[in-house]
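Peer 1: sharing a sequence plus its predicted fold:
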Amino acid sequence: MSFRLVIHEEAYRELDEAERYIEERRSGYGRKFRTEVDACLRSIQERPTGYAQRRAGFRYGTVARFPYRVIYKVHEDVILIVAVYHGKRKPYGWMQRGM
């Protein structure tokens, strides 16, 4: 079965902000971060149920080399990416989005 990725607009915003933040602190690492997030998204799309189900049915893919998680939920043939979240932030702050 082929799964379609749908990325919430807040997740896009978080991803862009994180990339800029990382790049400002260390040149070239913003691009490395984006590459690792893309790899995480591919992994999620290839094996959407490969990550353990957590609170309220959400799953967390981890971004290699960076302390970020890609938080998502699977519904039929759609993978909804709801957040790209730093692991040290308030753990469930993203849940206020009403997902």
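Peer 2: In hand now; what should we look at?
Peer 1: now the strands for this protein?
Peer 2: For the chain, the strands defined by DSSP state E cover 4-7, 59-62, 68-75, 78-86.
Peer 1: now the ones you listed as CSV including mean neighbour count and mean pLDDT?
Peer 2: Backbone N, C-alpha and C define where each C-beta goes, glycine included. As requested, those are exported to CSV (neighbours: other Cβ atoms under 10 Å; pLDDT from 0 to 100):
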stretch, mean neighbour count, mean pLDDT
strand 4-7, 14, 96
strand 59-62, 19, 94
strand 68-75, 21, 95
strand 78-86, 21, 93
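Peer 1: any chance of CSV for those strands, columns distance to V37?
Peer 2: Formatted as CSV, these follow (distance: least, Cβ to Cβ, whole Å):
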stretch, distance to V37
strand 4-7, 11
strand 59-62, 9
strand 68-75, 7
strand 78-86, 6
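Peer 1: quick one: closest of those strands to I44.
Peer 2: Taking Cβ to Cβ, strand 59-62 is the member of the strands of the chain nearest to I44, at 4.8 Å.
Peer 1: quick one: list the elements packing against that closest one.
Peer 2: Using 3 or more Cβ pairs under 8 Å, 6 or more residues apart in numbering; DSSP states H and E, the elements in contact with strand 59-62 are helix 29-46, strand 68-75.
Peer 1: so which of those is nearest Y12?
Peer 2: Of those, nearest to Y12 by Cβ to Cβ is helix 29-46, at 11.1 Å.
Peer 1: tell me what that closest one is packed against?
Peer 2: strand 4-7, helix 9-25, strand 59-62, strand 68-75, strand 78-86.
Peer 1: give me every residue that touches the residue nearest the centre of the chain.
Peer 2: Geometric centre of the chain, nearest residue: V70, 1.9 Å, by Cα atoms, centre = their mean. With contacts defined as Cβ atoms under 8 Å, 6 or more residues apart in numbering, V70 is in contact with 11, 37, 40-41, 44, 60-63, 81, 83-84.
Peer 1: need the max-distance pair from these.
Peer 2: Taking Cβ to Cβ, no two of the contacts of V70 sit farther apart than A11 and T62, at 15.3 Å.
Peer 1: lovely, talk soon.
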